[in-house]
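Asker: Got a predicted structure plus its sequence, pasted below:
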Amino acid sequence: MLPTHALFGMLLALPVAVLAPEYGPVALGAGLTGGILPDLDLYVGHRKTLHYPVGYSLLAGVAAVAAVVSPMVATIGVALLLAAAASHSLVDVFGGGLELRPWEATSERAVYDHYRGRWIAPRRWVRYDGAPEDLLLSVGLAVPLWLHVGSPFRPVVIAALGVGAVYVVSRRVLPQIASRLVSEVLPGRVSPSLLARVPDRYLEGADRGPRT
């Protein structure tokens with residue numbers, strides 16, 4: 001889930017914040033931004049449009065060299081933003097597939113690999129985004145951050161855990177809500193062209209309730 005990615009991006013930046021505190025704010029901010037960035041494609045080709053597991057990784061490697069050779073706000077910020085975006089794209093492979101109810105494990109699409117031109121299958125080490133183990137992972141990531149960062153990033157850590165906890169509790173009913181919105185509430189209330197932009201997965205089993 002997005003809070004886990006955000007926390008992981010910040011954790012990547014933590015060594016810089018601890019060892020070179022003058023770069024701490026930009027490092028943590030870049031890690032946070034990079035952890036969130038790929039999921040901005042949620043409604044436009046999710047896990048494909050802004051997910052580049054190979055591309056981000058290559059660019060992050062180049063940027064890391066630049067940051068070591070010439071450490072400054074710009075080079076460190078770019079390196080950590082790309083590293084966090086790469087980690088987000090790669091870590092999504094270890095979760096569930098790209099379906100409305102990922103706990104049903106019906107999709108073999110986790111992240112699109114633009115380099116090879118194919119979808120990478122989900123490993124399901126974390127069964128799906130918003131699974132209880134996803135929240136446990138977020139808590140584990142948050143502990144070292146809480147111990148070593150200060151304002152304004154401590155509130156971000158708490159907010160991420162709070163959002164994550166709410167998401168985990170409500171995860172199983174969200175598909176039902178989304179399906180009803182798309183099939184019953186929005187038609188006639190929004191333009192057909194706007195409704196046509198809703199991803200197909202939100203139409204999957206619109207008449208079905210949550211599974212346990």
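Answerer: Looks like it came in fine.

Asker: just for the chain, where's the confidence low?
Answerer: Along the chain, segments meeting pLDDT under 70 span 203-212.

Asker: ok, now how distant is Ala27 from Pro15?
Answerer: Counting by CB to CB, to the nearest Å, the gap from Ala27 to Pro15 is 9 Å. Placement of C-beta: from N, CA and C, glycine included.

Asker: Pick out whichever of those two has more residues nearby.
Answerer: Taking other CB atoms under 10 Å, Ala27 and Pro15 do not tie; Ala27 has more neighbours (28 against 11).

Asker: Could I get the contacting residues of the more buried one?
Answerer: For Ala27, the contact set (CB atoms under 8 Å, 6 or more residues apart in numbering) comprises 13, 16-17, 20, 76-77, 80.

Asker: This protein: strands as residue ranges?
Answerer: Under the criterion DSSP state E, the chain contains strands at 111-113, 118-120.

Asker: which residues touch the closest residue to Leu7 other than its chain neighbours?
Answerer: Leaving aside its chain neighbours, Leu7 sits nearest to Leu141 (4.1 Å; criterion: CB to CB, 6 or more residues apart in numbering). Residues counted as contacts of Leu141 (CB under 8 Å, 6+ apart) are 4, 7-8, 11.

Asker: In helices, which of those residues fall?
Answerer: Among the contacts of Leu141, DSSP state H puts 4, 7-8, 11 in helices.

Asker: TSV please, covering those and showing distance to Thr33.
Answerer: As requested, the ones in helices among the contacts of Leu141 are arranged in TSV below (distance: CB to CB, whole Å):
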residue	distance to Thr33
Thr4	15
Leu7	13
Phe8	13
Leu11	14
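
Asker: follow-up on the earlier one: out of the strands of the chain, deepest packed?
Answerer: strand 111-113 (a mean of 21; mean count of other CB atoms under 10 Å).

Asker: what about that one, distance to the chain center?
Answerer: Centroid separation between strand 111-113 and its chain, computed with CA atoms, centre = their mean, to the nearest Å, is 14 Å.

Asker: Domain-wise, how is this protein divided?
Answerer: Domains of the chain are assigned by automatic domain parsing as 2-172, 173-205.

Asker: Check which residues of the last one are buried.
Answerer: By neighbour count on 16 or more other CB atoms under 10 Å, the buried set for domain 173-205 is 175-176, 178-179, 182, 199, 201-202, 204.

Asker: Which pair of those spans the longest distance?
Answerer: Gln176 and Pro199 (16.1 Å; CB to CB).

Asker: Show me where this structure has its helices.
Answerer: Shown for the chain, the helices assigned by DSSP H span residues 2-19, 24-36, 53-69, 73-91, 132-148, 153-170, 174-180, 192-195.

Asker: who's in contact with Leu7?
Answerer: Neighbour list for Leu7: 35, 138, 141-142, 145, 157, 160 [criterion: CB under 8 Å, 6+ apart].

Asker: hmm, I was thinking of Ile120
Answerer: Ile120 neighbours (CB under 8 Å, 6+ apart): 53, 93, 109-113.
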